[in-house]
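Undergrad: no sequence for this one, just the structure:
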């Protein structure tokens, strides 16, 4: 048997023999097959099925009446249903307000905790508690606290001389009431991530800023915010997605009421399901996904461009 | 109508003046407290007497050869969760080798879950509670076993049951849902819309009789409404969806109206956008002027809570509940009165409470169905089988459909009086069609939109008719 040249030997080591490659492929397929099966069963199949259902009349309580109706469900939702556009609007208002307030409060709290204060450890532990409470348990607690006649919030408000609020039972205050509960629960999460970002800022940078007497708003604007901007982007993304799909808290506190005052998209989807109109529910779900994705995509593009621009500026400044 | 109303008001005012002259508020509270204490002692004596009864009836039999496991779904809460558990010991006396597992789930989510379990042909249970308004829907997919062979085997029990439970209830659990249908479920839970009021506040306000008409009810709500004292004159279950829909429907029915023109071929045309519909909506909106703040988000639990804590004091179209006569739940247990819902004051007006309540069925796809049938029969038994069954059921806050049990325990559960008075005049809570929840939900959403100021009444009533028509068209009711 002729001796192999050095190049041939190297090639045989770099490229596995066909038989070995086949086995490797087989192993790979074997490993990903369960995932594919689960994905298809739990995600792809239901998606296709609900896509088909969006073009049908289907009633949960009378399965015999199913029939194809073309775009009628979409037409109904977009042009004839009073609640569709309201639920979209409410969802975006909810998202904008809740995420903005959580960001501002979370940032401020993180700043407060990014110190060498003694009590910071205890504060951090206390702060994280709301994140671990089940939204259902928390929603029930808030509902009792908001109770307009016998709730503790009105008791506190009236004891310092203010008028009582109707909170979650009035159309004009219900959304605010639920927002308070949501902000209370998730602001600590924002705080913790921002705090981690702040604590990741190099001590040399902080020291240099101190020596240059960069303080207050300028310090935040020029040093802290740019350096933790990637963290802020991630927090915004997580909170936007999470607040878009809010369900449990609202369902427990108001169930979308009074009237449609807190009828956000996810709650309305369930409400349609409970009435048994599966075709309309599927169409509603698809429209919501499309609309929300358009907005989220546009929003992420803006964030991405900002981050790209800030990266370009950074070396120039350096 | 006007004369009746004036007379009632005049009588009430006169009574109030007389009472003011004769009784001080302090004296009246003393008298009320003494009455309540006496009533509580009497109730305890009656419970003790009932508890000492142990009587097998002619329908009692045992079978230690029957084996298997009863897995039954029921709703959580006092009315549904506790009573089936309470009758398990007597059931085990009769069928010692049958195991029983009772699974509770929140009633608010239960209807869709029941339907989903049936649609997926689940074999994980053999008996379950369901609503008569869901009966046709369950029947359509063949989810229920017929009780006819079981009843034919025990004619004495069947005769006792059908003589005791009013036809408006038993017919709801037949297929088709009329007297000629076959029985697919037995109802141990009877309920309807009731008229709850506070005797002490009526006395204090000088109101001498329970309002008969909606106009009188509105006057009473107004008289009792004192928000500055945390006392609201009206509360009802007006949560978005079917709850609110049935509030309007109750008033429409009592004015002589209906959901559809007729429920047969050539009919099925919704009747909301009519003079009766408008009049009913006006009545509901007037009552809503005195509503407790929770009303628009309220289902049964919320309404019961505010009635129990005394901040809501009048509920003339509320679903029946045992909790208001339960001293462990409310300190006003002794002063809650119950009567039939008001009627319209027009010539066609009538007392016609909407029926609620539930029955247990046996799952076609379940295992150990024989054990399931025996459990449902036992749960629905009265003194004919054993007096302890009904006693345990009622003592554990059950709300029977049997008139004999309602009468027997009326002095322990005063609201049973209202149920007895209402059942003979009742009407189905929804139209008995598979799409019952779909149409009720649609109507309820429109009702709440008007109350919340999001829509005008005319627009909402038109939307109710249009929406109903669309649903009925899709389901092929118009041929």
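TA: Ah, there it is. The structure displayed is predicted, hence computed values, not measured ones.

Undergrad: Can you get me a residue count around whatever residue of chain B ends up closest to chain A?
TA: Chain B approaches chain A most closely through residue B:452 (2.7 Å), counting by Cβ to the nearest Cβ. To be clear about C-beta, it is placed using only N, CA and C from the backbone, and glycine gets the same treatment. Residues lying near residue B:452 (other Cβ atoms under 10 Å in any protein chain shown) number 21.

Undergrad: surely it meets residue A:259?
TA: Yes: using Cβ atoms under 8 Å, residue B:452 is in contact with residue A:259, at 2.7 Å.

Undergrad: what residues are shared contacts of those two?
TA: A:171, B:296 (Cβ atoms under 8 Å, 6 or more residues apart in numbering or on different chains).

Undergrad: circling back: roughly how far apart are the residue of chain B closest to chain A and residue B:406?
TA: 37 Å (Cβ to Cβ, to the nearest Å).

Undergrad: same question, residue B:126
TA: 29 Å.

Undergrad: And the one residue in chain A that gets nearest to chain B, its phi and psi?
TA: Chain A approaches chain B most closely through residue A:259 (2.7 Å), counting by Cβ to the nearest Cβ. Phi and psi for residue A:259, reported as degrees, to the nearest 10, are phi 60, psi -120.

Undergrad: Tell me the predicted confidence for it.
TA: pLDDT for residue A:259: 89.

Undergrad: hang on, the earlier thing: out of residue B:126 and residue B:406, which sits in the busier spot?
TA: Applying other Cβ under 10 Å to residue B:126 and residue B:406 shows that residue B:126 carries more neighbours, namely 28 against 24.

Undergrad: Hmm, that one is touching residue B:363, no?
TA: Yes: counting by Cβ under 8 Å, residue B:363 is a contact partner of residue B:126 at 5.3 Å.

Undergrad: quick one: common contacting residues for the two?
TA: With Cβ under 8 Å, 6+ apart as the test, residue B:126 and residue B:363 both reach B:369, B:372.

Undergrad: which residue is nearest the middle of chain A?
TA: With distances taken as Cα atoms, centre = their mean, the residue of chain A nearest its centroid is residue A:242 (1.8 Å).

Undergrad: Leaving out the residues flanking it, which one is nearest to that one?
TA: residue A:186 (7.4 Å; Cβ to Cβ, 6 or more residues apart in numbering or on different chains).

Undergrad: which residues touch the residue of chain B closest to chain A?
TA: Contacts of residue B:452 by Cβ under 8 Å, 6+ apart are A:171, A:257-261, B:296.

Undergrad: thinking again about what came up before, what pLDDT does the model give the residue nearest to the centre of chain A?
TA: The model's pLDDT for residue A:242 equals 90.

Undergrad: Tell me the predicted confidence for residue B:106.
TA: Residue B:106 is given a pLDDT of 88.

Undergrad: nope, residue B:323 is what I was after
TA: 83.

Undergrad: just checking, it touches residue B:78?
TA: Yes: Residue B:323 lies in contact with residue B:78 (Cβ under 8 Å); the separation is 6.0 Å.

Undergrad: Those two: which has the busier surroundings?
TA: residue B:323 (21 against 18).

Undergrad: can you tell me how far the closest residue to that one other than its chain neighbours sits from residue A:312?
TA: Nearest non-adjacent residue to residue B:323, counting by Cβ to Cβ, 6+ apart: residue B:329, 4.5 Å away. Here residue B:329 is placed at a distance of 68 Å from residue A:312 (Cβ to Cβ).

Undergrad: out of the two, which sits in the busier spot?
TA: residue B:329 (19 against 9).

Undergrad: who touches that one in this structure?
TA: Contacts of residue B:329 (Cβ under 8 Å, 6+ apart): B:78, B:304, B:308, B:323.

Undergrad: Just those: which are in helices?
TA: If you go by DSSP state H, the contacts of residue B:329 have B:78, B:304, B:308 in helices.

Undergrad: which one of those residues is nearest residue A:268?
TA: Of all the ones in helices among the contacts of residue B:329, residue B:304 has the smallest distance to residue A:268: 27.1 Å, by Cβ to Cβ.

Undergrad: can you list residues touching both of residue B:323 and residue B:78?
TA: B:329, B:397.

Undergrad: same for the lengthiest helix in chain A, what does it pack against?
TA: The longest helix of chain A (DSSP H) is helix A:278-317. If contacts are counted by 3 or more Cβ pairs under 8 Å, 6 or more residues apart in numbering or on different chains; DSSP states H and E, helix A:278-317 sits against helix A:45-53, helix A:72-75, helix A:82-113, helix A:225-244, helix A:265-274.

Undergrad: right, so those helices: which one is the most enclosed?
TA: Neighbour counts (mean count of other Cβ atoms under 10 Å in any protein chain shown) averaged over each of the helices and strands packed on helix A:278-317 peak at helix A:265-274, with a mean of 21.

Undergrad: what's that one in contact with?
TA: With Cβ under 8 Å, 6+ apart as the criterion, helix A:265-274 contacts A:60, A:83, A:87-88, A:90-91, A:244-247, A:250-251, A:255-256, A:263, A:280-281, A:284-285, A:288, A:292, B:111-112, B:240-241, B:437, B:441.
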